[in-house]
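*Asks:* fold the stuff below for me.
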Amino acid sequence: MEELRVYETMFVVDPTLEEEEREKIVEKTKSWIIERVKGKIEEVNRMGVRKLAFKVKRFTEGDYTVVIFRAPPDMINELERFYNFTPEIFRWQTFRRFDIEKKERKAGKTRETAKVEE
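*Replies:* This is a model prediction of the structure:
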C-alpha cells in the first residue's frame, strides 16, 4: 500500500455568492478529496470573507478555506483538475506539509525508542 502524504490546500471562493452556496462548494471540495483524490481529511478551517492583497479577476475579497488532508501523491492532480473546472473557485494552492510529516516521524521514533527501553 502506498504511503499517504500530508497536504494543505487553500482555495478562495467568489464572495458574491450566498453563504449557503459557498458552504456547498466547500462540501463539494471535501467530497472530491475523499472520493476522487482518495484522501482523508484531517482539518477544515473556514476563514470566511477576507480582503485580497490585490485584485484578482474582478474580486477584491474572497471566502477563504484551508483543508489539511492525507492522500497518495499520484492523485493530487485530480484536485487541481477539480479547481480548474469549478468557476466559483477563482484562486487556489496545494502543497505538501513536510513539517507535519517530519514531526510525526520524529514522534514515531520517540515512541519506538521508549518501547525498546522498557
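*Asks:* shaky segments in this protein?
*Replies:* Low-confidence segments of the chain (pLDDT under 70): 1-2, 109-118.
*Asks:* at 90 instead, please
*Replies:* Filtered on pLDDT under 90, the chain yields the residue ranges 1-3, 54-58, 104-118.
*Asks:* pairing partners for the strand ranked longest in it, with directions?
*Replies:* Taking DSSP state E as the assignment, the strand of the chain that covers the most residues is strand 40-56. Looking at strand 40-56 with DSSP bridges, its partner strands are strand 59-71 (antiparallel).
*Asks:* would you pull up how far the partner strand lies from the middle of the chain?
*Replies:* 7 Å (C-alpha atoms, centre = their mean, to the nearest Å).
*Asks:* list the buried residues for the following helix or strand past that strand?
*Replies:* Using DSSP states H and E, the next helix or strand after strand 59-71 towards the C-terminus is helix 76-84. For helix 76-84, a neighbour-count test (16 or more other C-beta atoms under 10 Å) marks Ile76, Glu78, Leu79, Phe82, Tyr83 as buried. No exception for glycine: its C-beta is placed from N, CA and C like everyone else's.
*Asks:* okay, the angle between helix 76-84 and strand 59-71?
*Replies:* 160 degrees (axes from the mean of the first three to the mean of the last three C-alpha atoms, to 10 degrees).
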